[in-house]
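K.L.:
just coords:
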């Protein structure tokens, strides 16, 4: 069975501070992992994805994520957040056996002044 | 670029009513998806289709029917709306690769009175 866990439903950070949003996955094979973002009143957009190679992948708007096979994790990071980063972030797993991707429950990020 | 259009934007129904949601994409993508988004539960896959006239059940297919009569369109029917149900239904499309980015529509917001 495959699953994705985002343990933090809400995260609040100050503008300019660093950010880490956590994602843990459960899958015995080689995972393909994604982060999507849903800005207020907008559709979901892909931030970044990982399927092989360098475990640190770069995405749009200064986001990056690090894959760890030993920890079954794919945490999202940003060095300095801006108020416009306030959104809901979804971690997503694509397993080998299925043709569809599994979404985590999402983390709502609020950036405060 | 392309676009995904979902109609209607807002749908209000009565308990027990059959309701149909429509999705159109002009990406020429093979695969299309219907998700349900509830607060705090992330996105749950209802149905997906890997090609015209194909239908595959997702994790939440009970209570729904789907139809893919053309490559560009994918419809979802709520077979019997549940009282006080509120959710957003998202349509997405992608090419048929495991690492493929999904492109999302703006959603249909369902309210059942």
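P.N.:
Perfect, I can see it now. Quick caveat, the model's predicted, so the values are computed rather than measured.
K.L.:
Could you give the number of residues near residue 29?
P.N.:
Reading this off chain A. 9 (other C-beta atoms under 10 Å in any protein chain shown). Every residue, glycine included, has its C-beta placed from N, CA and C.
K.L.:
Actually, chain B is the one I wanted.
P.N.:
Neighbours of residue B:29 (other C-beta under 10 Å): 19.
K.L.:
so where do the strands sit in chain A?
P.N.:
Remark: strands assigned in chain A by DSSP state E are A:3-5, A:10-14, A:19-21, A:24-26, A:32-38, A:44-50, A:56-58, A:64-68, A:73-78, A:87-94, A:101-103, A:107-112.
K.L.:
So which residues on chain B come close to chain A?
P.N.:
B:4, B:31, B:33, B:35, B:40-45, B:48, B:50, B:56, B:58, B:90, B:92, B:96, B:98-99, B:101-102, B:104-107 (C-beta under 8 Å from any C-beta of the partner chain).
K.L.:
Now do the closest residue to residue B:50 other than its chain neighbours, the pLDDT please.
P.N.:
In this structure, residue B:50 finds its nearest non-sequential neighbour in residue B:31, 5.1 Å apart by C-beta to C-beta, 6 or more residues apart in numbering or on different chains. Listed pLDDT for residue B:31 reads 93.
K.L.:
are any of the residues of chain B next to chain A buried, and which?
P.N.:
Neighbour counting with 16 or more other C-beta atoms under 10 Å in any protein chain shown marks B:4, B:31, B:33, B:35, B:42-45, B:48, B:56, B:58, B:90, B:92, B:102, B:104-107 as buried within these.
K.L.:
Now do the SS call for the most centrally placed residue in chain B.
P.N.:
Residue closest to the mean C-alpha point of chain B, counted by C-alpha atoms, centre = their mean, is residue B:34 at 2.8 Å. Using DSSP: H, G, I helix; E, B strand; the rest coil, the structure places residue B:34 in strand.
K.L.:
wait, what's in contact with it?
P.N.:
By C-beta atoms under 8 Å, 6 or more residues apart in numbering or on different chains, the contact set of residue B:34 is B:21, B:23, B:45-48, B:58, B:64, B:66, B:74, B:76, B:89-91.
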